[in-house]
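Visitor: Sequence and predicted structure, then a few things I'm wondering about:
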Amino acid sequence: MGNRVAVVDYGMGNLRSVAKALEHVGADVTVATGPEAVRAADRVVFPGVGAIRDCLAALDDQGLRGAVIEAARAKPFLGICLGMQALMETSLEYGRHDALGVVPGQVVPFPAEDMRDPAGRALKVPHMGWNRVRFADLDHPLWAGIADDGHFYFVHSYLVEPAHSSDTAATTEHGIAFASAVERGSLFAVQFHPEKSSERGLRLLANFLVWDPV
């Protein structure tokens, strides 16, 4: 498996940071604005920020929806932040929306009630900053060389609820415990931003480049 990586560009991702981080760990990066570039790549990274309805509309406008779904089911695929949420079946962000349907489950807001940490301090939404990630699947190749319960960088107001616990690759706590990474076949997706997560994030990206799902 080669390291030609398509970073999906639908106008809503932090592409420069993601592409530079991938190049730093040895990837041959193409910024993919159309389906042909996604289909030609060995691996696909699907980043994103913003609202899911805008993400889905942009994918459709650029003819990317089908190619992204195909890649998520057939080749090493890494979803980041909104790119993770869009892989679910439905989202409750600003109404109810059908998402890409690759991973069973839904996207929901953080609870409306007052959230507090174990010390009783109020927690804010968006969940922004460094937080611990606890691996549910310690043996997954993308965690290789990364210590469990380490800090990664988050920025999000919504979270994913996988329908099957076996799809949860890691959890994080912010008022409640939520899935901060999911896995399914050749797909891996994270709620945090590896490109902003210092050495741990770079190691995860490097692991992605050599990951060969069976």
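Guide: Nice, thanks for sending it over.
Visitor: only C-alpha atoms for contact and neighbour calcs from this point on.
Guide: Fine.
Visitor: ok, residue 206 - contacts?
Guide: 22, 25, 26 (CA atoms under 8 Å, 6 or more residues apart in numbering).
Visitor: Which residue, neighbours along the chain excluded, lies closest to the first one?
Guide: Closest residue to residue 22 in three dimensions, ignoring its sequence neighbours and counting by CA to CA, 6 or more residues apart in numbering: residue 205, at 6.4 Å.
Visitor: sorry, back to before: which of the contacts of residue 206 sits closest to residue 94?
Guide: residue 22 (32.1 Å; CA to CA).
Visitor: did I read that right, that closest one in a helix?
Guide: Yes - under DSSP: H, G, I helix; E, B strand; the rest coil, residue 22 falls within a helix.
Visitor: Show me what the spatially most central residue of the chain is bridged to.
Guide: Closest to where the C-alpha atoms of the chain average out (CA atoms, centre = their mean) is residue 80, at 2.6 Å. On the basis of DSSP bridges, residue 80 takes part in beta bridges with residue 190.
Visitor: picking up where we left off before, PyMOL command to pick out the buried ones of the contacts of residue 206?
Guide: Filtering the contacts of residue 206 down to the buried ones (16 or more other CA atoms under 10 Å) takes a single PyMOL command:
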select buried, resi 22+25
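Visitor: Show me the strands in this protein, by range?
Guide: 4-8, 28-32, 43-46, 77-80, 88-91, 97-98, 103-109, 127-135, 150-156, 158-162, 168-174, 176-184, 187-190 (DSSP state E).
Visitor: Assess the claim that residue 117 and residue 175 are in contact.
Guide: Yes - with contacts counted by CA atoms under 8 Å, residue 117 reaches residue 175, the gap being 5.8 Å.
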